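# pasting the sequence and the predicted model now:
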Amino acid sequence: MVQLLAVGPGAGEKNEECAATGFVVNEEGYILTNAHVVDDARRCLASSPGAKIVAKYGAAASRSVQAVSCDVVALDEEHDLAILKPERPATSQPLHTFLRLNPQPVSAGTSVTVTGHPSFLWQPQTRQGKVTGRESLALDDANASPSEVIVINIPLQRGASGSPVYLASGAVVGIVERQHASQPSATVAVPVGYAIRLLDLHGVRWHAAR
């Protein structure tokens, strides 16, 4: 998992800090996260022309980290997805640590795990739960078109947006999007199929679950 950070003078010259999560999808280090994560970062950096989102890599049992600036490759506002590319390889991130994607729909009752970086914590946190159902929601305020989403019974923590939702095999089936509006203890996730379409559209390689 990768922690995404943006710290700078935002609107009104007020210092702002934005943190979220993403995950690597191939050997080149491309990262999947939410489009709203990019939007939030841009607000944090509103008065810092040229400043970029920083991806922070680190081993799970280490306090040694590497930070790499990222370029935004693509945004899909309708499905709240974004692709980032680090400006240079992260030497602390072994190439085999990318996650594989499983485009097959998951049914209610499926056990899932979420790993993310809530509230600027140094180490990622992992929580387990189950898929409780699927719904159709409009994820972009400017677009009324609903998207299919997965609902999971894992409470959302600040900074966990963009975290992978994955099976016991490690295969990613969704990307954490927001807290459920009517179920505060539940989280809405974007099915990974939408992300695969975005990756394919922009020629970014991904790996299917084995």
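Thanks, I have the structure now. Values in this document were obtained by computation on a predicted structure and should not be read as measured data.
# hmm, residue 36 and residue 43 touching each other?
No: with contacts counted by CB atoms under 8 Å, residue 43 stays clear of residue 36, the gap being 10.3 Å. C-betas here are computed from N, CA, C, even on glycine.
# okay, and the common contacts of these two?
With contacts taken as CB atoms under 8 Å, 6 or more residues apart in numbering, residue 43 and residue 36 have no neighbour in common.
# pick out whichever of these two has more residues nearby.
The neighbour comparison of residue 43 against residue 36 (other CB atoms under 10 Å) goes to residue 36, with 21 against 14.
# next, the contact list for that one, please.
Applying CB under 8 Å, 6+ apart, the residues near residue 36 are 80, 161.
# now do the same for it: helix, strand or coil?
Classification of residue 36 using DSSP: H, G, I helix; E, B strand; the rest coil returns helix.
# would you check that residue 118 makes contact with residue 155?
No: between residue 118 and residue 155 there is no contact under CB under 8 Å: 10.1 Å.
# between the two, which one's more packed in?
Between residue 118 and residue 155, residue 118 has the larger neighbour count (other CB under 10 Å), namely 19 against 16.
# quick one, what contacts the more buried one?
Here residue 118 is in contact with 125, 157, 158, 159, 160 (criterion: CB under 8 Å, 6+ apart).
# out of these, which is most surrounded?
For those, the largest number of neighbours (other CB under 10 Å) sits with residue 160, at 26 neighbours.
# got a list of what it touches?
So residue 160 contacts 20, 21, 114, 116, 117, 118, 176, 187 (CB under 8 Å, 6+ apart).
# give me every residue that touches the first one.
Residue 20 is in contact with 3, 4, 33, 34, 37, 40, 41, 117, 159, 160, 161, 162, counting by CB under 8 Å, 6+ apart.
# make it 10 Å
The neighbours of residue 20, taking CB atoms under 10 Å, 6 or more residues apart in numbering as the test, are 2-6, 33-34, 36-38, 40-41, 53, 116-118, 158-163, 176.
# could you report the neighbour count for the closest residue to it other than its chain neighbours?
The shortest distance from residue 20 to any non-neighbouring residue, by CB to CB, 6 or more residues apart in numbering, is to residue 37 (4.1 Å). Here the count is done by other CB under 10 Å, and residue 37 has 24 residues near it.
# tell me the helices in this structure, going along the chain?
35-44, 192-201 (DSSP state H).
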